[in-house]
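Asks: Return atomic coordinates for the entry below.
(one chain, ligands or ions: 1)
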Amino acid sequence: MPNGTTADSPSAAHIIADKIDREGPIALGDYMAIANNHYYASKDPLGEEGDFVTAPEISQMFGEIVGIWLVDLWLRKGSPSRCHYIELGPGRGTLASDALRSMAKFGCHPTVHFVETSPVLKAKQAELHPDAIWHDNIADLPDDGPLLIVANEFFDALPIEQFVSTANGWRRHLVARDRSKFIAVPSEETVEERIGSTTSGFPEGTILERSPVSVEMTGSLSNCIAKQGGTLLIIDYGYARPGTGSTLQAVKDHMPLSPFDSPGTSDLTAHVDFHTLANIARTRMLAVHGPAEQGQWLKSLGIDQRAETLMAAAPKEADAIRSAHQRLTHAEEMGCLFRVMAVNAIDWPEPEGFSYGEE
Ligand code: SAH
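Replies: Just a heads-up that it's a prediction; the model follows:
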């Protein structure tokens, strides 16, 4: 039996093995979707005691700055009375708390909508945001006012596909079983038409990644923003220009492990392809800003001053605040790897935080 499978619980490994036994090797995206769906449904993975730590869990400064960024746009747009705060994959609801608190100080009280699939995390979010409205997907978001959409470490969890160059063309990476293990294998058919180019110029073994789910979601959200106004703020680790190579990774207890080891018990992610998402938004006639490096973006929006103020107000916490500031902004921590991209309605104001140059 594959790792992580027990006789009496239908683990992700069991479901995947069963599907492969019935259908043959499955798409990598299906593997990732089943694994992550189980993973997020089974536990709260966030925090030092969990599997990974996200920016809003490091410090209130992160969510506060996101809130200031949003409310600045809202104010300069003339404070539209009916508008909606939408968060994709809000985790424990911490970012929303910090952002909405900052926004309220400037008179902005949007309705709150969360797109979340995990029952465990929905329960946590409800403790902080009892009046929020939950959605299983983005299909039924409000259609009657501007949308202020925030996605921090959300797109990296969405399924990807991989294509590998072989001597006779691009093949899709599928997931198969090798006795008790899962492994990636190239498909029998070639899939040139999916890639839109031949393998010439790509050494054998080159891997290309695509995330059709992310593309479709960005396209739908862009349509809503084009119609209703507002912004989509994406913060995540990823690449700003097209690239090659596998970025699929798994993390558990803050340690990397093989993505094919015990699916459903670790967080499976891939780097976000900002370049492609930006192009999708542009086809909907939206204005794309960034991607900028998270460290620079936070600094240009005043995180240094915010840290000083918090340290002055709570001197005993100064070391913790300094270290959180460092983790969020320093090039060797989250400062460079994480990027920030905003997709705005063209009749919305130019956002702050991107003026020092885009990549
Ligand atoms: N944004 C939070 C949590 C990031 S973890 C933070 O920064 O702390 C990823 C979040 O996305 C979790 O809340 C997870 O349950 C949710 N998620 C993952 N895949 C999803 C999907 N397909 N649809 C909706 N939510 C999803």
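
Asks: Lys122 is in contact with His129, isn't it?
Replies: No. The pair Lys122 / His129 is not scored as a contact, 10.2 Å apart, by CB atoms under 8 Å. For every residue, glycine as well, the C-beta is placed using N, CA and C.

Asks: what sits in contact with each of these two?
Replies: Phe114 (CB atoms under 8 Å, 6 or more residues apart in numbering).

Asks: higher neighbour count, those two?
Replies: His129 (19 against 16; other CB atoms under 10 Å).

Asks: so what's the residue of the stretch 1-150 of the chain found nearest the ligand up against?
Replies: Across the stretch 1-150 of the chain, no residue is closer to the ligand than Gly89, which sits at 2.2 Å (CB to the nearest ligand atom). By CB under 8 Å, 6+ apart, the residues touching Gly89 are 115-116, 151-154, 157.

Asks: In terms of pLDDT, where does it sit?
Replies: pLDDT recorded at Gly89 is 98.

Asks: can you put the contacts of Gly89 in a markdown table and add secondary structure and pLDDT?
Replies: Listed next are those as a markdown table, based on DSSP: H, G, I helix; E, B strand; the rest coil; pLDDT from 0 to 100:
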| residue | secondary structure | pLDDT |
| --- | --- | --- |
| Val115 | strand | 98 |
| Glu116 | coil | 98 |
| Ala151 | strand | 98 |
| Asn152 | strand | 98 |
| Glu153 | coil | 98 |
| Phe154 | coil | 98 |
| Ala157 | helix | 98 |
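
Asks: Could you identify which of those residues has the most neighbours?
Replies: Busiest of those [other CB under 10 Å] is Asn152, holding 27 neighbours.

Asks: Pull up the per-residue confidence for the residue nearest to it when sequence neighbours are not counted.
Replies: Nearest residue to Asn152, sequence neighbours excluded (CB to CB, 6 or more residues apart in numbering): Ile235, at 4.6 Å. According to the prediction, Ile235 has pLDDT 98.

Asks: Show me which residues of the stretch 101-250 of the chain are close to the ligand?
Replies: 115-118, 121, 152-154, 157 (CB under 6 Å from any ligand atom).

Asks: change it to 5 Å
Replies: By the rule CB under 5 Å from any ligand atom, the part of the stretch 101-250 of the chain lying against the ligand is 116-118, 121, 152-154, 157.

Asks: Does the residue nearest to Asn152 have any beta-bridge partners, and if so which?
Replies: Beta-bridge pairing for Ile235 (DSSP bridges): Asn152, Val340.

Asks: Isn't it up against Glu293?
Replies: No. With contact defined as CB under 8 Å, Ile235 does not count as touching Glu293 (10.9 Å).

Asks: Common neighbours of the two, please.
Replies: 338-340.

Asks: got TSV for those residues, with neighbour count too?
Replies: Below are the shared contacts of Ile235 and Glu293 laid out as TSV (neighbours: other CB atoms under 10 Å):
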residue	neighbour count
Phe338	25
Arg339	23
Val340	26
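
Asks: And those, which is closest to the ligand?
Replies: Phe338 (10.7 Å).

Asks: Please give me every residue in contact with the closest one.
Replies: Neighbouring residues of Phe338 by CB under 8 Å, 6+ apart: 55, 235-237, 293-294.

Asks: ok, back up a step: looking at Ile235 and Glu293 now, which is surrounded by more residues?
Replies: Legend: neighbour count by other CB under 10 Å for Ile235 and Glu293, higher for Ile235 (30 against 21).

Asks: Report the buried residues of stretch 157-174.
Replies: Using 16 or more other CB atoms under 10 Å as the test for burial, stretch 157-174 gives 157-165, 170-174.

Asks: Please identify which two of those residues are farthest apart in space.
Replies: Ala157 and Ser165 (26.7 Å; CB to CB).

Asks: Determine the number of other residues adjacent to Pro203.
Replies: 8.

Asks: Report the beta-bridge partner residues of the residue nearest to it when sequence neighbours are not counted.
Replies: Closest residue in space to Pro203, ignoring its immediate chain neighbours: Ser165 at 7.2 Å, by CB to CB, 6+ apart. Here Ser165 sits in beta bridges with Trp170, going by DSSP bridges.

Asks: Double-check Ser165 against Ser200; I have them as touching.
Replies: No. Checked against CB under 8 Å, the pair Ser165 and Ser200 is beyond contact range at 9.3 Å.

Asks: what are the phi and psi angles of Glu204?
Replies: For Glu204, the backbone dihedrals (degrees, to the nearest 10) come out as phi -60, psi 140.
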